[in-house]
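**Student:** sequence and predicted model, in that order:
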Amino acid sequence: MISFSVAFDPNKGIGIKGALPWHLKDELKIFKRNTLYKNILMGQTTYDGLPRKLKDRYITVVSIDPDYVPEDAEVTHDLIGFLQEHENDDTEYIVCGGASIYRQAYPYAKKAYISFVKEEYEVDTWFDVYDENDWEVTVEEDHPDFIYRELRRKDSTEQAVE
Ligand SMILES: NC(=O)c1ccc[n+]([C@@H]2O[C@H](COP(=O)([O-])OP(=O)(O)OC[C@H]3O[C@@H](n4cnc5c(N)ncnc54)[C@H](OP(=O)(O)O)[C@@H]3O)[C@@H](O)[C@H]2O)c1
């Protein structure tokens, strides 16, 4: 199963100059809680821009560069092939950005972990494909700087089975 984890501001802004526009400790804690010991997938720009290593996660980095060898991670050069191979797995693969990876993976995702950041930030990168009509909320937590929601795709098989 493919899911994604993202934090965005009221304009769907997610990044600036290769980094996060904000520093929200509670949000990072939720990211850690959701991804620890899980399979996660991220683009080369996001991986190389991480301020520190993500320990105890099984990371696959998406890169166009055939010579790219990430430290402490696997690499794939075929994002769509990866998504198609794993979309019906019982095991979850969490897409963790950035913008280009979210955009391509969005149609495959059946579940989402989203922090809706309350304040507007200066950004240069957006999660523009996100459409709230595609999702129903299953979990909601109000935090001082953001609202955290877990969502599932409205047309997902999971929902049809229930
Ligand atoms: N707010 C959040 O939750 C959040 C989460 C993650 C990241 N971010 C932010 O998002 C920004 C980075 O986003 P980004 O879009 O610039 O970079 P990105 O998605 O992290 O990585 C882009 C890299 O992946 C490669 N790539 C893209 N699609 C590919 C494919 N199908 N096959 C092989 N390689 C592929 C690109 O190659 P090409 O250059 O050839 O296209 C590029 O090298 C940063 O500011 C980061 O902090 C925010």
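**Tutor:** Happy to help now that I have it.
**Student:** only C-alpha atoms for contact and neighbour calcs from this point on.
**Tutor:** OK.
**Student:** could you list the low-pLDDT ranges of the protein?
**Tutor:** Counting by pLDDT under 70, the chain contains low-confidence ranges at 156-162.
**Student:** need the residues of it near the ligand, please.
**Tutor:** 6-8, 14-20, 42-46, 62-64, 77-79, 96-101, 125 (CA under 6 Å from any ligand atom).
**Student:** I'd assumed Gly97 was in a helix, is it?
**Tutor:** No. Looking at Gly97 with DSSP: H, G, I helix; E, B strand; the rest coil, it is coil, so not inside a helix.
**Student:** now it: closest residue in space that isn't a chain neighbour?
**Tutor:** Ranked by CA to CA, 6 or more residues apart in numbering and with sequence neighbours excluded, the top spatial neighbour of Gly97 is Met42, at 5.2 Å.
**Student:** make a PyMOL selection of whichever of the residues of the chain next to the ligand turn out to be buried.
**Tutor:** Buried subset of the residues of the chain next to the ligand, written as a PyMOL selection, criterion 16 or more other CA atoms under 10 Å:
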select buried, resi 6+7+8+14+15+18+19+20+42+43+44+45+46+62+63+79+96+97+98+99+101+125
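**Student:** still on that earlier bit, I figured the residue nearest to Gly97 hits Ser100, correct?
**Tutor:** No. Using CA atoms under 8 Å, Met42 is not in contact with Ser100; the gap is 9.7 Å.
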